[in-house]
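>>> Mind looking at a prediction? Sequence and model below.
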Amino acid sequence: ALAAADRLIIPTQAEPLALHGLDGMVRTGEMVERSRRRPLPMSILPTLFDRRTRAGNESLRQMQDSHGTRVWEDAIPVDTRMSNAATLMAPVEGDDYPGRGLAAYRRALDWILADDARALEQAA
């Protein structure tokens, strides 16, 4: 699937243990990129970020320091209502839910689409 992909989006929890998995996934993406001999743009999406914890803040900073512009400058916050909806397998939708998590996912989508648009312009 990665060999055929146009982009790799790596959602990563902003926690220390998740950073080990992130490094492995980035290495895998780079190996795929080398073997297919064309770019595989990678975007790292920090998720489940809790700004109240030292571990969350340090993990986000480490992601940004290690992976630079591949990392979204913002983060998807911990959002209890979204977690509850996932448990109930119920959608969380716009007008009836103006929460932080959904707004952050919308901003992340805008960032990914803008990055794709920049890549297309550079290729042309």
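Sure thing, it's come through. Keep in mind that this is a model prediction, so the values were computed, not measured.
>>> Distance-wise, check residue 111 relative to residue 53.
Distance, residue 111 to residue 53, using CB to CB, to the nearest Å: 24 Å. In this view, the C-beta of every residue, glycine as well, is placed from N, C-alpha and C.
>>> what does the helix or strand containing residue 34 rub up against?
Assigned by DSSP states H and E, residue 34 belongs to helix 16-36. With CB atoms under 8 Å, 6 or more residues apart in numbering as the contact definition, helix 16-36 has outside contacts at 2-3, 8, 10, 12, 39-40, 42, 44, 55, 58-59, 62-63, 66-67, 70.
>>> Can I get the buried part of the residues you listed as one ChimeraX selection?
One line in ChimeraX is enough to select the buried ones among the contacts of helix 16-36; burial here means 16 or more other CB atoms under 10 Å:
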select :8,10,12,40,42,44,59,63,67,70
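>>> what about the closest residue to residue 45 other than its chain neighbours, neighbour count?
Of all residues not flanking residue 45 in the chain, residue 11 sits nearest, at 4.6 Å (CB to CB, 6 or more residues apart in numbering). Burial measure for residue 11: 15 neighbouring residues, criterion other CB atoms under 10 Å.
>>> Surely residue 11 is in a strand?
Yes: assessed by DSSP: H, G, I helix; E, B strand; the rest coil, residue 11 belongs to a strand.
>>> and the gap between it and residue 36?
22 Å.
>>> Report the central residue of this structure.
With distances taken as CA atoms, centre = their mean, residue 45 lies nearest the centre of the chain, 1.3 Å away.
>>> Using just helix, strand and coil, how would you label that one?
Residue 45 is classified as strand under three-state DSSP.
>>> Test my guess that it contacts residue 7.
No: applying CB atoms under 8 Å as the test, residue 45 and residue 7 come out as separate, 11.5 Å apart.
>>> Where does the prediction get shaky in the chain?
Scanning the chain for pLDDT under 70 picks out 82-98, 119-120, 122-124.
>>> What ranges does it have for its strands?
8-13, 42-47 (DSSP state E).
>>> sorry, back to before: in the helix holding residue 34, what's buried?
Judged by neighbour count using 16+ other CB under 10 Å, the buried positions of helix 16-36 are 18, 19, 22, 25, 26, 29, 32, 33.
>>> Alright, calling it a day.
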